[in-house]
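Engineer: What follows is a predicted protein model with its sequence.
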Amino acid sequence: MAAFAPGDRVRVREDYPPGHIRTPVYIRGKQGVVQRKFGSFPNPEILAIGRDGMPPKALYEVRFRQKDLWPDYSGSDADTLDIDIYEHWLAKI
């Protein structure tokens, strides 16, 4: 069963570990809404250090409001950005 479902509000973990991290710095600590689950895949953070990436992690599409990401954003309130994020970076709020 998936940890998150479309419509779930989530917060991205605010962490800055060393190494190959697929989660952009500018979304860490930010809130978004899950749009869909893509499936489960080997963890790229583990693959990057030459290991097998197991156990697999679920990958989600999460939508963020641009104004929540960029304090000086001058575009529409309706502008959003969708980003693929692995489940271990997300917490339900």
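Structural biologist: Noted; the coordinates are in hand.

Engineer: Look up which residues are beta-bridged to residue 12.
Structural biologist: When bridges are called by DSSP bridges, residue 12 pairs up with residue 90.

Engineer: repeat for residue 81
Structural biologist: residue 64.

Engineer: in terms of contact, does it touch residue 66 like I think?
Structural biologist: Yes - contact criterion CB atoms under 8 Å: residue 81 and residue 66 qualify, at 5.9 Å. Quick note: C-beta positions are derived from backbone N, CA and C, even for glycine.

Engineer: Low-confidence ranges, the chain, go.
Structural biologist: Along the chain, segments meeting pLDDT under 70 span 1.

Engineer: all strands for it, in order.
Structural biologist: 9-12, 31-41, 57-65, 80-86, 90-92 (DSSP state E).

Engineer: Can you lay out those as TSV showing distance to residue 47 and mean neighbour count?
Structural biologist: Putting the strands of the chain into TSV (distance: least, CB to CB, whole Å; neighbours: other CB atoms under 10 Å) gives the following:
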stretch	distance to residue 47	mean neighbour count
strand 9-12	20	18
strand 31-41	9	16
strand 57-65	11	19
strand 80-86	12	17
strand 90-92	19	15
